[in-house]
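Student: Next comes the sequence, and after it the predicted model I'd like to discuss.
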Amino acid sequence: MARYVAAVDQGTTSTRCVIFDESFSVVAMDQKEHRQIYPRPGWVEHDPLEIWERTRDVIRGALDRAGVPPREIAAVGVTNQRETTVIWDRRTGRPYGPAIVWQDTRTAELCEELARDGGPDRFRDRTGLPVATYFSGPKIRWMLDHVPGLREDAWRGNALFGTVDTWLIWWLTGGPDGGVHVTDVTNASRTLLMNLHTLDWDEELLQAIGVPRAMLPRIRPSSDPAFYGSTRPDGPFGAAIPVCGDLGDQQAALVGQTCLAPGESKNTYGTGCFLLLHTGNRPVPSRKGLLTTVAYRLGESPAAYALEGSVAVAGALVQWLRDNLGLIERSAEIETLARSVEDSGGIYFVPAFSGLFAPHWNSKARGLIIGLTRYITKGHLARAVLEATAYQTREVVEAMTEDAGVGPAELKVDGGMVRNELLMQFQADILGIPVVRPAFTETTSLGAAYAAGLAAGVWPEPEGLRRHWQEDRRWTPQWDHARRDAAYRGWLKAVGRAVDWLD
Ligand SMILES: Nc1ncnc2c1ncn2[C@@H]1O[C@H](COP(=O)(O)OP(=O)(O)O)[C@@H](O)[C@H]1O
Ligand SMILES: O=P(O)(O)OC[C@H](O)CO
């Protein structure tokens with residue numbers, strides 16, 4: 001009996017393959033970064049073929065390190081950066097252009113046009129989403145409008161659209177030679193093309209945004225006992241293994257944090273920052289600028305839904321400090337630099353590089369640093385960079401508290417930035433609730449592995465996963481009310497200056 005489950009986690013900055021044993025322990029993992037391409041202000045691209053190559057590398061790397069024969073792997077789960085859009089030729093596997101990444105704002109004008117007729121919330125009832133550059137539908141439309149010949153190929157059924165899960169599953173299961181063209185409900189719920197109630201592509205949405213149905217994948221459950229397909233023995237796994245788990249990475253982290261019941265929530269601090277609250281088996285509309293999204297669908301059981309607060313720039317700002325300003329060499333060094341001063345010296349950094357996502361959805365916002373005096377040093381700047389993530393999280397928590405009618409008693413966290421203890425303490429201070437980090441922080445891979453292992457019968461029930469969750473550290477608020485509110489008021493004032501910066 002096969003005893004292991006592999007997760008392929010394709011994130012914004014890197015790709016990981018993690019191999020778990022039956023007790024959810026990591027047997028081996030490999031990780032590789034890929035290039036971030038910024039051809040113009042506001043544009044962000046990835047090379048889809050580079051992503052597929054990195055995926056093959058890390059699968060082989062993890063298998064080598066694990067020393068596990070491929071036939072011992074019971075199931076493969078895929079999880080991915082969401083919304084990022086790839087379109088390719090089903091006959092050759094050749095992409096029609098670079099992947100348009102979720103942070104890319106080239107569709108701002110198109111979104112404005114779409115919103116002219118009915119406002120930015122015209123599709124909210126059906127999709128749970130505002131019209132915004134973030135989502136895949138406008139990115140598909142942009143490519144159809146700009147790549148010569150693509151529209152004809154799409155109508156003929158030769159051009160396929162996929163988010164990155166779909167792209168990778170297609171290659172893993174055979175590519176041009178019989179690859180399976182599927183996505184799961186969580187990824188589909190980020191396109192502006194899926195109806196949140198029927199969980200199917202919606203003809204009116206397809207017409208409004210101008211996307212031919214022939215290019216869209218089949219929508220499957222996130223954990224699929226019928227399996228999407230099997231890996232090719234001549235591919236990186238070297239054996240035919242069922243691919244039967246697929247979730248967007250933030251939903252996978254929700255599962256990995258064992259938020260499987262209404263009222264449970266987590267916040268993941270990676271390139272961006274994403275707070276998801278499980279709302280049970282019905283979509284809860286947001287009045288406060290959050291997204292209503294699918295949390296997961298396990299087999300044929302009803303879908304679970306979530307409210308989500310998406311923040312576009314969190315760890316990305318640390319990378320910017322590193323790569324564009326050269327103030328640090330490695331991301332982790334920001335903590336030492338920030339600790340060299342007592343506070344931010346009164347400055348705020350609003351990192352509206354992709355406009356502002358939740359709760360503002362303002363694509364005309366641009367980044368700013370405000371409050372500068374001759375006193376300010378790079379230490380203060382480093383603090384303001386970290387604080388920006390915590391303030392944006394507070395905005396999302398406030399919106400969620402109003403939408404859900406009750407705020408979280410504590411915040412479960414994960415993602416690359418939660419190694420930063422200064423940030424975690426500041427987060428607790430600015431929220432006024434404890435922040436809790438689990439011992440196992442690879443929650444995204446764990447969630448994808450769990451979805452696959454559940455479908456393949458490795459883990460028939462969730463109790464083992466729940467028992468696996470253990471608290472590592474907890475930060476409790478040290479600030480009083482007055483200090484917390486004064487600091488947050490300053491943040492809101494700075495945000496007010498950043499919105500609608502572009503004409
Ligand atoms: N010690 C740290 N302090 C602050 N930010 C960090 C630290 N370590 C990593 N990061 C940031 O976390 C992000 C990577 O986290 P990860 O969860 O791997 O992201 P993703 O899944 O989006 O690729 C990067 O943006 C990096 O700058
Ligand atoms: O890959 P991450 O962790 O940056 O997550 C990106 C989100 O899925 C975008 O919606």
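Tutor: Here it is on my side, so go on. Ligands and ions are numbered 1, 2, ... in the order given.
Student: Leaving aside the residues adjacent along the chain, what's closest to P225?
Tutor: Excluding its sequence neighbours, the residue lying closest to P225 (CB to CB, 6 or more residues apart in numbering) is A455, at 4.8 Å. C-beta here means a position set from N, CA and C on the backbone, and glycine is covered the same way.
Student: burial count for that neighbour?
Tutor: 27 (other CB atoms under 10 Å).
Student: quick one, phi/psi of it?
Tutor: Dihedral angles phi and psi of A455 (degrees, to the nearest 10) take the values phi -60, psi -40.
Student: Show me what the lowest-mean-pLDDT helix or strand in the chain is packed up against.
Tutor: Least confident element among the helices and strands of the chain, by mean pLDDT, DSSP states H and E: helix 463-468 (a mean of 86). Counting contacts by 3 or more CB pairs under 8 Å, 6 or more residues apart in numbering; DSSP states H and E, helix 463-468 packs against no other helix or strand.
Student: Just the residues contacting the helix or strand following it, thanks.
Tutor: Going down the chain from helix 463-468, the next helix or strand is strand 471-475, by DSSP states H and E. Residues from elsewhere that reach strand 471-475, judged by CB atoms under 8 Å, 6 or more residues apart in numbering: 410, 421, 424-425, 427-428, 434-439, 441.
Student: Which of the three states applies to V86?
Tutor: Counting by DSSP: H, G, I helix; E, B strand; the rest coil, the backbone at V86 sits in strand.
Student: which residues does it bridge with?
Tutor: Beta-bridge partners for V86, by DSSP bridges, are G162.
Student: how far away is it from E45?
Tutor: Distance check for V86 against E45: by CB to CB, to the nearest Å, it reads 11 Å.
Student: who's more crowded, these two?
Tutor: Neighbours were counted for V86 and for E45 using other CB under 10 Å; V86 has more, 28 against 19.
Student: and the protein, which of its residues are near ligand 1?
Tutor: Counting by CB under 6 Å from any ligand atom, the chain comes close to ligand 1 at 11-14, 270-271, 315-316, 318-319, 331-332, 334-335, 415-417, 419-420.
Student: Select only the buried ones of those in PyMOL?
Tutor: Command for PyMOL that selects the buried part of the residues of the chain next to ligand 1, burial taken from 16 or more other CB atoms under 10 Å:
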select buried, resi 11+12+13+14+270+271+315+316+318+319+331+334+335+415+416+417+420
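Student: if we can go back for a sec, I'd like the contacts of strand 471-475 as TSV, with pLDDT, neighbour count and secondary structure appended.
Tutor: What follows is those, written out as TSV (pLDDT from 0 to 100; neighbours: other CB atoms under 10 Å; DSSP: H, G, I helix; E, B strand; the rest coil):
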residue	pLDDT	neighbour count	secondary structure
E410	91	15	coil
E421	97	13	helix
M424	98	23	helix
Q425	97	17	helix
Q427	98	29	helix
A428	97	22	helix
P434	95	16	coil
V435	96	25	strand
V436	96	19	strand
R437	96	19	strand
P438	95	22	strand
A439	94	10	coil
T441	88	19	coil
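Student: The residue nearest to P225 is in contact with D224, isn't it?
Tutor: Yes. Between A455 and D224 there is a contact at 5.4 Å, judged by CB atoms under 8 Å.
Student: Identify the contacts common to the two.
Tutor: What both A455 and D224 touch, as defined by CB under 8 Å, 6+ apart, is the set 244-245, 299.
Student: which neighbours do V86 and E45 share?
Tutor: In contact with both V86 and E45: A99, using CB under 8 Å, 6+ apart.
Student: in the stretch 301-450 of the chain, what residue is nearest ligand 2?
Tutor: At 6.1 Å from ligand 2, S310 is the closest residue in the stretch 301-450 of the chain, using CB to the nearest ligand atom.
Student: Tell me the bridge partners for that residue.
Tutor: Counting by DSSP bridges, the residues bridging with S310 are F274.
Student: Contacts only, for whatever residue of the stretch 1-150 of the chain ends up closest to ligand 1.
Tutor: Closest approach between the stretch 1-150 of the chain and ligand 1, counting by CB to the nearest ligand atom: G11, at 3.1 Å. By CB under 8 Å, 6+ apart, the contact list for G11 reads 80-81, 249, 270-271, 444.
Student: let's see it at 10 Å
Tutor: Residues near G11 by CB atoms under 10 Å, 6 or more residues apart in numbering: 31, 33-34, 79-81, 164, 249, 270-271, 415-416, 444-445.
Student: just V435 next, same as before
Tutor: Applying CB under 10 Å, 6+ apart to V435 gives the contacts 267, 390, 393, 410-413, 418, 423-429, 473-477.
Student: thinking again about what came up before, so which of the shared contacts of A455 and D224 comes closest to ligand 2?
Tutor: Nearest to ligand 2 among those is G245, at 16.2 Å by CB to the nearest ligand atom.
Student: quick one: contacts for the closest one?
Tutor: By CB under 10 Å, 6+ apart, the contact set of G245 is 5-8, 75-79, 165, 184, 221-224, 227-228, 252, 255, 296, 298, 447-456.
Student: let's see it at 7 Å
Tutor: 75, 77-78, 222-223, 448, 451-452, 455 (CB atoms under 7 Å, 6 or more residues apart in numbering).
Student: ok so, going back, drop anything exposed from the contacts of G11.
Tutor: For these, a burial check counting by 16+ other CB under 10 Å picks out 31, 34, 79-81, 164, 249, 270-271, 415-416, 444-445.
Student: and these near ligand 2, which?
Tutor: Of the residues in these, proximity to ligand 2 by CB under 6 Å from any ligand atom holds for 81, 249, 270-271.
Student: And those, which two are furthest apart?
Tutor: The most widely separated members of these, counting by CB to CB, are D249 and T271 (10.2 Å).
Student: Please look at the residue of the stretch 301-450 of the chain closest to ligand 2 and L356 and confirm they touch.
Tutor: No. In this structure S310 lies outside contact range of L356 using CB atoms under 7 Å: 10.3 Å.
Student: sorry, back to before: sort out for me which of the contacts of G245 are in helices.
Tutor: 448, 451-452, 455 (DSSP state H).
Student: Now do stretch 99-112: distance from first to last residue.
Tutor: 22 Å (CA to CA, to the nearest Å).
Student: does ligand 2 sit close to it?
Tutor: Yes. Using CB under 6 Å from any ligand atom, stretch 99-112 reaches ligand 2 at W102.
Student: If you count neighbours, what's buried in that stretch?
Tutor: By 16+ other CB under 10 Å, the buried positions in stretch 99-112 come out as 99-108, 110-111.
Student: where does this structure come near ligand 2, residue by residue?
Tutor: Near ligand 2, the residues belonging to the chain are 11-12, 81-83, 102, 248-250, 270-272 when assessed by CB under 6 Å from any ligand atom.
Student: would you turn the residues you listed into CSV with secondary structure and pLDDT?
Tutor: Shown next, in CSV, are these (DSSP: H, G, I helix; E, B strand; the rest coil; pLDDT from 0 to 100):
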residue, secondary structure, pLDDT
G11, coil, 96
T12, coil, 95
Q81, coil, 97
R82, coil, 97
E83, coil, 97
W102, coil, 96
G248, strand, 98
D249, helix, 97
Q250, helix, 97
G270, coil, 93
T271, coil, 91
G272, coil, 95
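Student: quick one: which of these is nearest T173?
Tutor: Comparing those against T173 with CB to CB places G248 closest, at 19.4 Å.
Student: Please give me every residue in contact with the closest one.
Tutor: By CB under 7 Å, 6+ apart, the neighbours of G248 are 80, 82, 186-187, 190.
Student: per-residue confidence at the residue nearest to R90 when sequence neighbours are not counted?
Tutor: Excluding the flanking residues, the one nearest R90 by CB to CB, 6+ apart is L160, at 5.0 Å. Here the pLDDT value assigned to L160 is 98.
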